[in-house]
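Enquirer: just coords:
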């Protein structure tokens, strides 16, 4: 009987302490133990954000991609587009995509030419079977024809010198200026003049054999400007 009284008294003292400390009522189970409230439900993790649209799966969101339908890179000149091919072998030409620029009326290469010249040099250094290339200089028909021949000849030589500086063996290169005699675009429009001011690379000997690719043109030959080979 004394033990039961002591347990009940102990329970009452605990209940009083809970009320005094917590300001609320305490609830006990049948055994006299204090009932603990159930744990609060844990908050569910927030849903992952929907990734931005990227049709070509190149890692550049369509909203920032200049070529959303073609896989490219974030570091290309046009973000999200394939890296530009500055030069490539097409048949027996080394085709340049872009312009090799010079100072007005002179043969000074523009610093903007470095990337194209680097690529042409890389093609030649990797393609040891390309044994001889003619670097051709061409002009529009503005100015004196004889002056244009000299100017384009000097420009072709400047390109050869730039390639040699980049590690191409000089014996694999010849140069020729054809002046205004071999236009690729007829007419007097500015677009025609722009197209006719150009440098071309013709592969003359490939894999131990002459390619017989045409260089210069009949009009240049009639005016005494013959190919180097």
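Expert: That came through fine. Model, not experiment: these values are computed from the prediction.

Enquirer: helix or strand: which one has the most centrally placed residue in the chain?
Expert: Residue closest to the mean C-alpha point of the chain, counted by Cα atoms, centre = their mean, is residue 76 at 2.6 Å. Using DSSP states H and E, residue 76 sits within no helix or strand.

Enquirer: got it, and residue 151?
Expert: Under the criterion of DSSP H and E, residue 151 resides in helix 145-165.

Enquirer: does anything pack onto that helix? Which helices or strands?
Expert: Under the contact criterion of 3 or more Cβ pairs under 8 Å, 6 or more residues apart in numbering; DSSP states H and E, helix 145-165 touches helix 114-126, strand 130-138, strand 173-177, strand 198-206. Using the backbone N, CA and C atoms, a C-beta is placed for each residue, glycine as well.

Enquirer: which of the ones you listed sits closest to residue 217?
Expert: Minimum separation from residue 217 across the helices and strands packed on helix 145-165 (Cβ to Cβ) falls at strand 130-138, 9.5 Å.

Enquirer: between helix 114-126 and the closest one, find me the angle.
Expert: 150 degrees (axes from the mean of the first three to the mean of the last three Cα atoms, to 10 degrees).

Enquirer: now strand 130-138: average pLDDT?
Expert: On average, the pLDDT along strand 130-138 is 97.

Enquirer: packing partners for it?
Expert: Counting contacts by 3+ Cβ pairs under 8 Å, 6+ apart, strand 130-138 packs against helix 114-126, helix 145-165, strand 173-177, strand 198-206.

Enquirer: can you put the helices and strands packed on helix 145-165 in JSON lines and add mean neighbour count and distance to residue 70?
Expert: Output for those, formatted as JSON lines (neighbours: other Cβ atoms under 10 Å; distance: least, Cβ to Cβ, whole Å):
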{"stretch": "helix 114-126", "mean neighbour count": "17", "distance to residue 70": "21"}
{"stretch": "strand 130-138", "mean neighbour count": "23", "distance to residue 70": "30"}
{"stretch": "strand 173-177", "mean neighbour count": "22", "distance to residue 70": "35"}
{"stretch": "strand 198-206", "mean neighbour count": "21", "distance to residue 70": "27"}
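
Enquirer: switch those over to CSV; also include distance to residue 190.
Expert: Listed next are those as CSV, based on distance: least, Cβ to Cβ, whole Å:
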stretch, distance to residue 190
helix 114-126, 22
strand 130-138, 16
strand 173-177, 22
strand 198-206, 15
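
Enquirer: do you know which of these lies nearest residue 183?
Expert: Comparison of the helices and strands packed on helix 145-165 against residue 183 by Cβ to Cβ identifies strand 130-138 as nearest, at 7.7 Å.

Enquirer: neighbouring strands - and their directions - for the closest one?
Expert: Note on strand 130-138: by DSSP bridges, its sheet partners are strand 173-177 (parallel), strand 198-206 (antiparallel).

Enquirer: who touches the last one?
Expert: Which is strand 198-206. Contacts with strand 198-206, where a contact means Cβ atoms under 8 Å, 6 or more residues apart in numbering, come from 89, 92-96, 99-100, 120, 129-138, 155-156, 159, 174, 184, 210-211, 213, 215, 229.
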